[in-house]
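**Student:** this is a predicted model, with the sequence first.
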Amino acid sequence: MTKKPAVSERLRRQVQERAQGRCEYCLIHKSDMYYPHEPDHVIAEKHGGPTSLDNLAWACFYCNRFKGSDLASIDPTSNKVVFLFNPREQRWNRHFRLNGALIEGITSSGRATVALLHLNDPERVAYRLGLIDIGHYPVR
């Protein structure tokens, strides 16, 4: 018996097209990564989130692994528990800003997301700097 994939190919394409091939968390384009991007359940299935276009975000391998099934984390500024950035309900530029290759959280949700997803780990920043140098990051 063959197990049905969690996200159909049709739905995967729709999620990717809506995001224009970019990770909805770190903005890296799928063509600039070794590992393929994948659909992320914004609200994980284990928390009752459906496998639907309205609950899926296009995420790079790293952002998806760091996020996992989490819905919330700690804002490093206030030390309060806050919901993570939700690309289905929130706009990226209201929660983050780019400072060169650094992704800065400008809200409690943005800061918690930056921290949990390790968006500014030195290797990731260095990689984005290289993409900036060749004109591949960001393209919004």
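**Tutor:** On my side now, so go ahead.
**Student:** Asn99 pairs with what?
**Tutor:** Beta-bridge partners for Asn99, by DSSP bridges, are Leu102.
**Student:** was I right about Ala44 contacting Leu71?
**Tutor:** Yes. Here Ala44 reaches Leu71: they are 7.4 Å apart, a contact under Cβ atoms under 8 Å. Glycine gets a C-beta too; all of them are placed from N, C-alpha and C.
**Student:** could you give the average pLDDT over the longest helix belonging to the chain?
**Tutor:** For the chain, the helix with the greatest residue count under DSSP state H is helix 122-133. Averaged over helix 122-133, pLDDT sits at 97.
**Student:** not counting that helix itself, show me its contacts.
**Tutor:** Residues outside helix 122-133 that contact it (Cβ atoms under 8 Å, 6 or more residues apart in numbering): 26, 28, 32, 62, 100-102, 118, 137.
**Student:** skipping adjacent residues, who's closest to the residue nearest in space to the middle of the chain in space?
**Tutor:** Centroid-nearest residue in the chain, with Cα atoms, centre = their mean: Tyr25, separated by 2.7 Å. Distances taken as Cβ to Cβ, 6 or more residues apart in numbering put Cys63 closest to Tyr25, at 4.1 Å, once the chain neighbours are dropped.
**Student:** and for Glu38?
**Tutor:** Counting by Cβ to Cβ, 6+ apart, the residue nearest Glu38 is Asn64, at 5.7 Å.
**Student:** tally of neighbours for that neighbour?
**Tutor:** Close neighbours of Asn64, defined as other Cβ atoms under 10 Å, add up to 20.
**Student:** gap between it and Ile134?
**Tutor:** Asn64 sits 24 Å away from Ile134, going by Cβ to Cβ, to the nearest Å.
**Student:** do Ala112 as well
**Tutor:** Distance, Ala112 to Ile134, by Cβ to Cβ: 31 Å.
**Student:** of those two, who's got more company?
**Tutor:** Ala112 (26 against 8).
**Student:** now the strand or helix carrying that one, how far from the chain's geometric center?
**Tutor:** Taking DSSP states H and E as the criterion, Ala112 maps to helix 108-116. Relative to the centre of its chain, helix 108-116 is centred 11 Å away, using Cα atoms, centre = their mean, to the nearest Å.
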